[in-house]
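**Q** one predicted model, sequence on top.
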Amino acid sequence: MTAPTLIRPDVDAYPIGLRDLEDPPPVWIAGTVPALPAVAVVGTRRCTRYGLDLAEAFGGVIAGAGWTTVSGLARGIDAAAHRGCLRLSGGAVAVLGSGIDVCYPRENQPIYDEILGTGGAILSEYPPGTPPDRWRFPARNRLIAAISQAVVVVEAAATGGALITARLAAEMGRPVFVVPGDVEREMSEGCNRLIRDGAHPVLGSSDLVEELSLVLGPPASLTDTTHGIPAQGVRLSDLPDIWSLTITETLVKLGRLEVEGKVKRLGDYVVPS
Amino acid sequence: MYAATTSVALVGGDVRPVEVQVHVGRQSDQFKLSGLPDAALREAKDRVRAAVMSSGVNFPNRTVTVNLAPAHLPKSGTDFDLPIALGVLAASREIPHPGNAVVVGELALDGSVRSGASTIGAAVLSARSGTPCLVAAGSASDVAAVPGATVHGVSTLAEAVELLRTGLSHHPPATPEPRVEAPPGADLADVRGQPLARRAIEVAAAGDHHLLLHGPPGGGKTMLARRLPGILPILSEEEAVEVALVHAAAGYRRGLSRERPFRAPHHTASRAALVGGGSGVAVPGEVSLAHRGVLFLDEMAEFPRGNLDTLRQPLEDGIVTVARRGITASFPSLFHLVAATNPCPCGYLDDRRRPCVCRPATVSRYRQRVSGPLLDRFDLVVKVDRLEAVAATGPSPEASKAVRSRVTAARQVLAGGPMAVGTAAENLLIGALETALLTARGVDRVRRVAVTIAALESAPGVAEDHVAEALALRADW
C-alpha cells in the first residue's frame, strides 16, 4: 500500500469534485482515486436485509457500467455498496470520518484492504490516527457529496447522515436518487421525504443505470469492450458466438486471457478484469 | 453312502468353489442341511425333495445330511438346489457321480431348472479350473461367452440326470450367442446445442476425468450424463466378466453385456446402498455396480453430506471393502463419477428468464453440502444452460459413434505412456499459479486435463493451447 499523502486543493491530483466545495480542505489520500465518474451510494447503518441486497446490487451495476462507487465505509448500506463494487471490478472510493489509517468499524477492515488492493482509494480530511468521533461524520458527508457526480440513497430514517449527504449534494447541484419504501417503515421515512422534496425515485438496478446515464453519459459497458466482452460480462456459453469461434477455440482463447489477467470468471460469467 | 458335488459362491467381486457334501444314512426319512445356509437356502430341502419326486427318480427314504463346505462361508440363495439334488441322487446311487463339474441352478417343484445370479460364477469357475459346468438352459448360451468356459445347459432335473447317465463328455457344450453390437442406448445426436458440455463429456470420457455439471433444471444435465457410457469404449471380455460378477453378487443377472454400466442412485439412497452392505452376506453398493462404468449423482447437493463423503475412499482406491457380520468382502469400484447439481435450491440462480427465489445465505449453505475434498475430485466443472429456442433447430449434431472413436483413440494414446509437457505449456501453468488463478492442486488438475486434450488431438506433447483450454474448462461451481 502506498503511504497516505496529504493533497492540497491547488495540486493537480486533488479530486476535482472537491473543488466545488466553498472551502475545499486538504485531504489525505491512500491509493488512487479512479478517474471515472463517481456515484455515491449511502444509507443507514441500521438497514434491512432488503436494503443491504439493493445497496450491493447498486454497487455492482454502477461498477459494471464503468463508473465507480463512493461511500463512507460505515456499517450497513455503505459496506454493502462497497462490496457490490469490489465484487465486480474493485476500485471503489471510501471517505472516512476518522484518520485515514483508522478503519471504523473494525469489521470493515477486509473491505478497507480490498479497496486499496484493487486500485481504489481511501480519503479523509483528518490526519492519520484521528479517532472516529461522532461529530466528524456529518463533515465527512460533505466530501462524499462533493466527490460524487450523483448520490443514491438506499435506506434512511427521518434524521441521519444519509439525509445530510443528500441535502448537501442537492445544494451543489448533484442529482439525488432515492429508493422509495413503505410509508410506515422507519428506515424509509427519510427516503420518502426526499422524494416528496423532489429527488428522483429509483425503481431498480437497470432503472438506476438508465437514470444515471442521463447524468454521466452512456455507461462504458455500452461503448468499451475487452476482446468483445462488455464490462457487465457475458456468459461463457455466449462467447463462441461473440468471437465466431468453435467451442474448443473459444476455450483456448479464454484460458489465455485468464492467465494474462485480461478477463476473469465470476461464476458462470466472464468479465473484463 | 456319500457323494460330493461342486458348486460356487460369489464372494466380493470373485467366485469361490463350494463343495456340496451329501451323506445318505440308514435311519428313515430326515433331511438335514448345514454350512451357514440363509433362509432361502434352508428351504432347498423341500424344493429338492419335490423336484426329485416330480422327475421320476427315487428320493431316498433315509436320513439325508447335506453340508456346504467351507462351512464358515455364509451361503445364500437358491442356486444350490441342483447340486444338492444331484448329490443326493449320486449318494443313493441313482445316477453316476457328476465328477468335478460345477453345478448351479434353482429347482422348481415340477423339476424344471431356473437360472439364478450365480450362473455367471459357475462359468467363471469352469474357465478357471478347466472343468465343465452345468447350468440352467435359459442362460447357458449367455454365460458360454466367458472365455475358456465349458457350459452345459439343462432345462429340467430329468435332463440333468439323463446327461450324467450318458456322460457329459458325449454332449456338445453350449455355444455363445453371437455378440450383437448394440447401438448406444442414448445417443449424443439427440443433444442439440450445448457445445461446451459436449466438449466436456468428450474430454471426461477420454481421460477418465470426473465431471460436475451445474445449471438450472431443464438444461439437460441428466441427458448428457446418460450419454457418457455410449462414448466410452465398450468393455473388454475380461472387464465384462468382472462387471457381471459384481452385479451377480447383488443378485442382478447382467449377462456378459459389453455396454458400460450406468448407475444413478437417488439422493435418498443410504450409505449401505451407495458403498455396499447387506446382512449375513456382503452386497455391493452403487459404487461397485458402477464399476467400469458411470456413477451419476443427480442433485448432488441433495445427498446428505456424510453419504457423499463415503464415496471418497472408493474413488481414491478403486476398491471398497464391505465388512458384515460373518464376512468381509472387497468389491471393485473403478467408476467414472458424473454429478449434476442446481446452482441453488430453487434452481434458477443465474437463469436467463426465471428469477431465483433463494436467499444468499440459503445458496451458500446449499453449496456447502458438498465437501471441498469431494469437489476436488472433479477435474471438469461446466455450466449447462437451458437450451435457447434458436439452438433447438439447426443441423443435426454429431452422433455418439463418432465421438466414441475419437475417445477410444485418445485412450490408446494415453495408455501408451506419459506425455511430455512443452515448455510454453508449463510456463502457462506457472503463470496461472503466479497470478493466483490456480492453486497448486488446481495446477495438477489442469495439467491432467491438458494431457487428455492433447491426446484427443493425437498431439505429440502438451502444447500451450491444450493448457489454455483445460484452464477454461475449470470453473468454480
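**A** Done, it's in.
**Q** can you pull the residues of chain A lying near chain B?
**A** Residues of chain A lying near chain B by Cβ under 8 Å from any Cβ of the partner chain: A:53, A:235-237, A:240, A:246-248, A:250-256, A:258-261, A:265, A:267-268. Heads up, the C-betas are built off the backbone N, CA and C, glycines and all.
**Q** out of those residues, which are buried?
**A** A:53, A:235-237, A:240, A:247-248, A:250-256, A:258-259, A:265, A:267-268 (16 or more other Cβ atoms under 10 Å in any protein chain shown).
**Q** so where's the stretch 151-273 of chain A uncertain?
**A** For the stretch 151-273 of chain A, the stretches flagged by pLDDT under 70 are A:220-225, A:231-232.
**Q** the residue most central in space within chain B - nearest residue in space that isn't next to it in sequence?
**A** Among the residues of chain B, the one closest to the centroid is residue B:289, at 3.2 Å (Cα atoms, centre = their mean). Take residue B:289 and drop its neighbours on the chain: the residue closest to it by Cβ to Cβ, 6 or more residues apart in numbering or on different chains is residue B:263, 5.1 Å away.
**Q** state the distance from residue B:335 to residue B:30.
**A** 49 Å (Cβ to Cβ, to the nearest Å).
**Q** isn't residue B:228 up against residue B:340?
**A** No - using Cβ atoms under 8 Å, residue B:228 is not in contact with residue B:340; the gap is 11.6 Å.
**Q** okay, domains of chain A per the record?
**A** A:5-216, A:224-272 (automatic domain parsing).
**Q** now those in JSON lines, with distance to residue B:356?
**A** Shown next, in JSON lines, are the domains of chain A (distance: least, Cβ to Cβ, whole Å):
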{"stretch": "domain A:5-216", "distance to residue B:356": "12"}
{"stretch": "domain A:224-272", "distance to residue B:356": "12"}
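**Q** pick the most deeply packed of those.
**A** Among the domains of chain A, domain A:5-216 has the highest mean neighbour count (mean count of other Cβ atoms under 10 Å in any protein chain shown), at a mean of 20.
**Q** centre of the chain to whatever helix or strand residue A:113 lives in, how far?
**A** Assigning secondary structure by DSSP states H and E places residue A:113 in helix A:109-117. Chain-centre distance of helix A:109-117: 14 Å, with Cα atoms, centre = their mean, to the nearest Å.
**Q** looking at the stretch 51-200 of chain A, which residue is nearest chain B?
**A** Chain B sits closest to residue A:53 of the stretch 51-200 of chain A, with a gap of 7.6 Å, by Cβ to the nearest Cβ.
**Q** ok, residue B:145 to residue B:258 distance?
**A** Taking Cβ to Cβ, one finds residue B:145 at 10 Å from residue B:258.
**Q** now the common contact residues for the two.
**A** Counting by Cβ atoms under 8 Å, 6 or more residues apart in numbering or on different chains, the shared contacts of residue B:145 and residue B:258 are residue B:179.
**Q** which one of these two has more residues nearby?
**A** Using other Cβ atoms under 10 Å in any protein chain shown, the more surrounded residue of residue B:145 and residue B:258 is residue B:145, with 23 against 18.
**Q** so that one lies in a helix, does it not?
**A** No - judged by DSSP: H, G, I helix; E, B strand; the rest coil, residue B:145 forms no part of a helix; its state is coil.
**Q** and the stretch 101-250 of chain B, which residues reach chain A?
**A** Counting by Cβ under 8 Å from any Cβ, the stretch 101-250 of chain B sits next to chain A at B:195-196, B:198-199.
**Q** turn those residues into TSV, including secondary structure.
**A** Formatted as TSV, those follow (three-state DSSP):
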residue	secondary structure
B:195	helix
B:196	helix
B:198	helix
B:199	helix
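**Q** just the buried residues of the residues you listed.
**A** Buried subset of those (neighbour count, 16+ other Cβ under 10 Å): B:195-196, B:198-199.
**Q** now for those residues, which pair is the farthest apart?
**A** Greatest spatial distance in these: B:196 and B:198, 7.3 Å, computed using Cβ to Cβ.
**Q** what touches both of these two?
**A** residue A:247.
**Q** and residue B:305, how far is that from residue B:368?
**A** 8 Å.
**Q** ok so, going back, packing partners for the helix holding residue A:113?
**A** strand A:27-31, helix A:77-88, strand A:93-95, strand A:121-124 (3 or more Cβ pairs under 8 Å, 6 or more residues apart in numbering or on different chains; DSSP states H and E).
**Q** ramachandran angles for residue B:65?
**A** Dihedral pair for residue B:65: phi -120, psi 130, per degrees, to the nearest 10.
**Q** ok, now which ones touch the residue in the stretch 101-250 of chain A that chain B sits nearest to?
**A** The nearest approach of the stretch 101-250 of chain A to chain B comes at residue A:247, 3.9 Å away (Cβ to the nearest Cβ). Residues near residue A:247 by Cβ under 8 Å, 6+ apart: A:240, B:195-196, B:198-199.
**Q** among these, which two are most distant?
**A** Counting by Cβ to Cβ, the most remote pair of those is A:240 and B:198, 11.9 Å apart.
**Q** and the closest residue to residue B:278 other than its chain neighbours, how far from residue B:251?
**A** Distances taken as Cβ to Cβ, 6+ apart place residue B:324 nearest to residue B:278, at 5.8 Å, with adjacent residues excluded. Counting by Cβ to Cβ, the gap between residue B:324 and residue B:251 amounts to 15 Å.
**Q** ok, residue A:74 next?
**A** Taken as Cβ to Cβ, the span from residue A:74 to residue B:251 is 66 Å.
**Q** quick check: pLDDT value at residue 67.
**A** Unless you meant another one, I'm taking chain A. Note on residue A:67: pLDDT of 89.
**Q** my bad, chain B
**A** Looking at residue B:67, its pLDDT reads 93.
**Q** pull the number of nearby residues for it.
**A** Neighbours around residue B:67, by other Cβ under 10 Å: 15.
**Q** can you tell me how far it is from chain A?
**A** According to Cβ to the nearest Cβ, to the nearest Å, residue B:67 stands 65 Å off from chain A.
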